[in-house]
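In: Based on what follows, work out the 3D shape:
(one chain, ligands or ions: 2)
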Amino acid sequence: MNLNLKNTFAKELPADPIEENSRRQVKEACFSYVSPKHTKNPKILHVSEEMVKALGISETDKLSEEFVEVFTGNKVLENTTPYAMCYGGHQFGNWAGQLGDGRAINLFEVQHNEKQWQVQLKGAGETPYSRTADGLAVLRSSIREYLCSEAMFHLGVPTTRALSLALSGDDVMRDMLYDGNQAYEKGAIVSRLAPSFLRFGNFEILAARQDHKTLKTLVDYTIKHHFSHLGTPSKENYIKFFAEVSKRTLDMIVHWQRVGFVHGVMNTDNMSILGLTIDYGPYGWLEGFDFGWTPNTTDSQHKRYRFGNQPNIGLWNLYQLANALYPLIEAVEPLEAILEDYKNNFEIESLKMMCSKLGLEINDDKDNELIQRLEDVLLLTETDMTLFFRNLSNFKKGDAKKGLEIVEAAFYVPNEVSDTIAQQWRDWFESYDARLKKESLLDTERTIKMNTVNPKYVLRNYMSQLAIDEANKGNYKLIDELFQLLKKPYDEQPGNEKWFAKRPDWARHKVGCSMLSCSS
Ligand code: AMP
Ligand code: MG
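Out: Ligands and ions are numbered 1, 2, ... in the order given. Sure thing, here's the model as predicted:
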């Protein structure tokens, strides 16, 4: 295979001297060399054409046996040295010590069209960081990661990407709901891509071990390769680096809030240093608009990672990163100022984002209140977030009476919209209409603008579950159908109206649709 291979990470950062693949604490190193597991009967189920091009893979190479072998881990390309990264993390608010790439193996880096890509296999077998687990991934979670990461990209949300989805041909034992019912599932491997897979946790583990030398080496590497516009390493630039990570993290989370994405496990080991959405596990999409919703059953008691708490958790995680970087900066105030900015900017950016969802362009002091009132009414009955905002773009100035009719398809139980609630809606639409009259945009112009921020199609939880159910029966067509649909989430797609609909009733309490565990 003809690729423009690079190897900056392993070349420039300290390696674990032990090369044996055994579980261990890895000190004074950023990674361990490891080979992917040999799979029995690998089969590619889907390939992202866009990412094939992004890596500069030719059509011939894409269709070759070598492609299958390389992107499922059976063949290691010459002059490449696969490795697993060492990181730690705060999980559910507690320091968890060393975690690391337990089931991700980095193959190599590729440079193409002036972009750097780190290529990683998820589910390719044990590493020194696998702890008590097997390093493998099952088909259901692999389909979910594959489809969602590409869908997020097309929604305009910063994210890692995916190149291919494959079956390994091996069976994997899982206890899907952690209830003692173990069963074999099909093993799968996703090859995924990002300029870097570095997480907050890669920095935290070094700080926790007081290994300031390696910490500095890693931060310098990160700035050199991924934040080079900040200049050469210095205390001042470390501060700027933290400021930029903070800004990117906020930007990513505001996008999540805009499209109704709930990550589900915002542990610091799942926070990318580049501000990319990373590690698609028990994530979910809001159906009914609900700040308290989390898809993750592992978090159902405290709901730490619920929709409405994501911005706060972003901040909490940044505090942990600030602590990790502190030994290099040795000053508290600048770090605190950046965290303070995050809070202020969160208010500013969410207001901007909500205004864009409502088609409001000019500044108006009362917009906060208008949005607050909307959220209050939205929470009174189960109201589909995607349908609501998409249909709202059909609102016509001066026609407040029609408001409720325009959005009624979003109500899950229309009967629940009592007279009092309907009145609250009418009042809100009157205020919205009055507010729109201050804008100069024509209705048609506003519709177009709103439709670029309010997606028509998102990967509803039941949609991936349908693709998974089909795939488990050996039928992979729906994976491609959804993949193609979600490439144009903001477009009207007349043939695909069936996906612009509320979650069907059967999916309300179905495992995989509304309930997901970390087991994957
Ligand atoms: P997560 O919360 O899924 O991002 O995973 C937390 C940690 O557990 C990471 O270090 C993962 O690499 C590791 N991990 C998760 N699943 C597995 C698995 N099946 N085998 C080995 N390690 C795993
Ligand atoms: Mg993870």
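In: Provide a list of residues in contact with the residue in the chain that ligand 2 sits nearest to.
Out: Residue nearest to ligand 2 within the chain: residue 279 (3.8 Å; Cβ to the ion). Any C-beta I mention is one placed from the backbone N, CA and C, and that applies to glycine too. Going by Cβ atoms under 8 Å, 6 or more residues apart in numbering, residue 279 touches 265, 270.
In: any weak-confidence spans in this protein?
Out: Along the chain, no part satisfies pLDDT under 70.
In: Swap in 80 and give it another go.
Out: Flagging of the chain using pLDDT under 80 yields the residue ranges 514, 518-520.
In: Could you pick out the longest strand of it?
Out: Identified as the longest strand of the chain according to DSSP state E is strand 161-174.
In: Whether the helix or strand immediately after that strand in the chain contacts ligand 2 - can you check?
Out: For strand 161-174, the following helix or strand on the C-terminal side (DSSP states H and E) is strand 183-194. No. Contact of strand 183-194 with ligand 2 (Cβ under 5 Å from the ion) is absent, the minimum separation being 12.0 Å.
In: can you pull the contacts of residue 332?
Out: Counting by Cβ under 8 Å, 6+ apart, residue 332 touches residue 326.
In: near ligand 2, which residues of the chain?
Out: Checking the chain against ligand 2 by Cβ under 5 Å from the ion, the hits are 270, 279.
In: Return the nearest residue of the stretch 101-250 of the chain with respect to ligand 1.
Out: residue 102 (2.4 Å; Cβ to the nearest ligand atom).
In: from what I can see that residue touches residue 133, true?
Out: Yes. If you go by Cβ atoms under 8 Å, residue 102 and residue 133 touch, sitting 5.9 Å apart.
In: Which one's more surrounded, those two?
Out: residue 102 (17 against 12; other Cβ atoms under 10 Å).
In: Is the more buried one in a helix, a strand, or coil?
Out: What DSSP: H, G, I helix; E, B strand; the rest coil gives for residue 102 is coil.
In: cool, and residue 224?
Out: Under three-state DSSP, residue 224 comes out as helix.
In: Provide a list of residues in contact with it.
Out: residue 233.
In: what's the burial count for the residue nearest to residue 480 when sequence neighbours are not counted?
Out: Once flanking residues are discounted, residue 480 sits nearest to residue 46: 6.3 Å by Cβ to Cβ, 6 or more residues apart in numbering. Per other Cβ under 10 Å, the neighbour tally for residue 46 reads 19.
In: can you check the one 3 residues further on too?
Out: The local packing count at residue 49 equals 12, with neighbours defined by other Cβ under 10 Å.
In: how near is it to residue 107?
Out: 20 Å (Cβ to Cβ, to the nearest Å).
In: now do residue 233
Out: Using Cβ to Cβ, which is the criterion applied here, residue 233 is 28 Å from residue 107.
In: For those two, indicate the residue with more neighbours.
Out: Legend: neighbour count by other Cβ under 10 Å for residue 233 and residue 107, higher for residue 107 (22 against 18).
In: How about the secondary structure of that one?
Out: Classified using three-state DSSP, residue 107 is strand.
In: pull the CA atoms of the longest strand of the chain into PDB?
Out: Taking Å, rounded to 0.1, in the frame of the first residue of the first chain, the C-alpha atoms of strand 161-174 are listed here in PDB:
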ATOM      1  CA  ARG A 161     -13.200  10.300  12.000                       C
ATOM      2  CA  ALA A 162     -13.600   6.700  10.800                       C
ATOM      3  CA  LEU A 163     -12.000   4.900   7.800                       C
ATOM      4  CA  SER A 164     -13.500   1.400   8.000                       C
ATOM      5  CA  LEU A 165     -15.700  -0.900   9.900                       C
ATOM      6  CA  ALA A 166     -14.900  -4.600   9.800                       C
ATOM      7  CA  LEU A 167     -15.900  -7.900  11.300                       C
ATOM      8  CA  SER A 168     -12.900  -9.700  12.900                       C
ATOM      9  CA  GLY A 169     -14.500 -13.100  12.400                       C
ATOM     10  CA  ASP A 170     -13.900 -13.800  16.100                       C
ATOM     11  CA  ASP A 171     -16.600 -14.100  18.800                       C
ATOM     12  CA  VAL A 172     -16.400 -11.900  21.800                       C
ATOM     13  CA  MET A 173     -18.000 -12.600  25.200                       C
ATOM     14  CA  ARG A 174     -20.000  -9.700  26.700                       C
END
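In: Mind listing the strands that strand pairs with, and their directions?
Out: Its sheet considered, strand 161-174 pairs with strand 43-47 (antiparallel), strand 183-194 (antiparallel) by DSSP bridges.
In: how distant is it from the center of its chain?
Out: 19 Å (Cα atoms, centre = their mean, to the nearest Å).
In: in that strand, what's buried?
Out: Within strand 161-174, the residues that count as buried by 16 or more other Cβ atoms under 10 Å are 161-168, 170, 172, 174.
In: got it, and stretch 500-507?
Out: So stretch 500-507, judged by 16+ other Cβ under 10 Å, has buried residues 500, 502-503, 507.
In: which one is the residue most central in space within the chain nearest to, not counting chain neighbours?
Out: Residue closest to the average C-alpha location in the chain (Cα atoms, centre = their mean): residue 277, at 3.2 Å. Excluding its sequence neighbours, the residue lying closest to residue 277 (Cβ to Cβ, 6+ apart) is residue 159, at 4.1 Å.
In: Determine the number of other residues adjacent to the one you found.
Out: 25.
In: Same question for residue 10.
Out: Other residues near residue 10 come to 19 when the count uses other Cβ under 10 Å.
In: Could you say which helix or strand holds it?
Out: helix 8-12.
In: tell me what that helix is packed against?
Out: If you count contacts as 3 or more Cβ pairs under 8 Å, 6 or more residues apart in numbering; DSSP states H and E, helix 8-12 packs onto strand 31-33, strand 104-112, helix 212-226.
In: Please produce JSON lines containing these, extended by distance to residue 445.
Out: Shown next, in JSON lines, are these (distance: least, Cβ to Cβ, whole Å):
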{"stretch": "strand 31-33", "distance to residue 445": "51"}
{"stretch": "strand 104-112", "distance to residue 445": "39"}
{"stretch": "helix 212-226", "distance to residue 445": "38"}
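In: any bit of stretch 140-153 sitting next to ligand 1?
Out: No. Using Cβ under 6 Å from any ligand atom, stretch 140-153 never reaches ligand 1; the gap is at least 9.0 Å.
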